[in-house]
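[1] Whatever this is, show me its structure:
(one chain, ligands or ions: 1)
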Amino acid sequence: MAQRKILVVEDERSIAEAVADRLGAEGFKVSIASDGPSAVTMCAEQDPDLVVLDLMLPGFDGLEVCRRIQADKPVPVIMLTARDSETDKLVGLGVGADDYMTKPFSVRELVARIHALLRRIERTTSSAEGPVHMGDITIDPARRRVIRNDEEVHLTVTEFDLLHLFASRPGVVFTREQLMRDVWGYDDPTGERTVDSHIASLRRKLGQDAVRTVHGVGYGSGQG
Ligand code: CA
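    As a prediction, the model looks like this:
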């Protein structure tokens, strides 16, 4: 497998270097950007497999970076925040990050989450399955594309994986814990809100009925 590229966007040098060293030791090719504008430029030039993105940055902040780098094609993003309350706010906004970590964080935990996210993407993309249909929506796992009425709908990698899971298992209702395990690959105390926020942004993009809520249980395909 080709060496995976990770872009670390962090203006605190000691954190950036600690993360980069560890990822380098894990076999990743790592670049560091230390402000918003250079993060966007480097992302366009290098086409990284994943971006670790600090929220507070010089130039413009991580939210703006996230928005700009996701404009053309989805790139997996793990967002770093300074406080849990910030994470809560971002999760509520559905900013398009796939995962969040609050500082101070364990570099080992960050690396574990990076591996989990990359494994998940690999699993969907390499699945031998052909396109799955859900009502008028076509979901193509090999190309990670969602088409509705001949138009592509741009989803983040996590939104795509949730939709693909629902569409592949029509009639099945998943609890939030199951979704955390099946999609994110680990269980997290803040996971429930993470799941809710990704469901909310899926609905913003595909319509309220794209996902079915079963109160007190969880979520499933909206058009099974
Ligand atoms: Ca910062």
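[2] CA atoms for contacts and neighbours, from now on please.
    Fine.
[3] Could you report the neighbour count for Val77?
    Residues lying near Val77 (other CA atoms under 10 Å) number 25.
[4] hey, where'd the helices end up in the protein?
    Here the chain has its helices, by DSSP state H, at 13-25, 36-46, 62-69, 84-93, 107-125, 157-168, 176-179, 191-206.
[5] got a pLDDT number for whichever residue of the chain sits closest to the ion?
    Closest residue of the chain to the ion, CA to the ion: Met56 (4.2 Å). Per-residue pLDDT puts Met56 at 94.
[6] which non-adjacent residue is nearest it?
    Leaving aside its sequence neighbours, Met56 sits nearest to Gly62 (CA to CA, 6 or more residues apart in numbering; 6.2 Å).
[7] try Tyr219
    Nearest residue to Tyr219 in three dimensions, chain neighbours excluded: Thr213, at 4.7 Å (CA to CA, 6+ apart).
[8] Report the central residue of this protein.
    Asp98 (2.3 Å; CA atoms, centre = their mean).
[9] wait, doesn't it sit right on Thr158?
    Yes: counting by CA atoms under 8 Å, Asp98 sits close enough to Thr158 to count as a contact (5.8 Å).
[10] Report the beta-bridge partner residues of Ile147.
    Taking DSSP bridges, one obtains Thr138, Glu152 as the residues bridged to Ile147.
[11] What is the neighbour count of it?
    Ile147 is flanked by 15 other residues according to other CA under 10 Å.
[12] Also Thr124?
    Thr124: 20 neighbours (other CA under 10 Å).
[13] again, but for Leu53
    A count of nearby residues for Leu53, using other CA under 10 Å, gives 29.
[14] give me every residue that touches it.
    If you count contacts by CA atoms under 8 Å, 6 or more residues apart in numbering, Leu53 has them with 8-10, 62, 66, 77-80.
[15] average model confidence for stretch 15-28?
    Rounded mean pLDDT across stretch 15-28 is 97.
[16] what comes into contact with that stretch?
    So stretch 15-28 is contacted by 3-6, 8-10, 29-32, 107, 111 (CA under 8 Å, 6+ apart).
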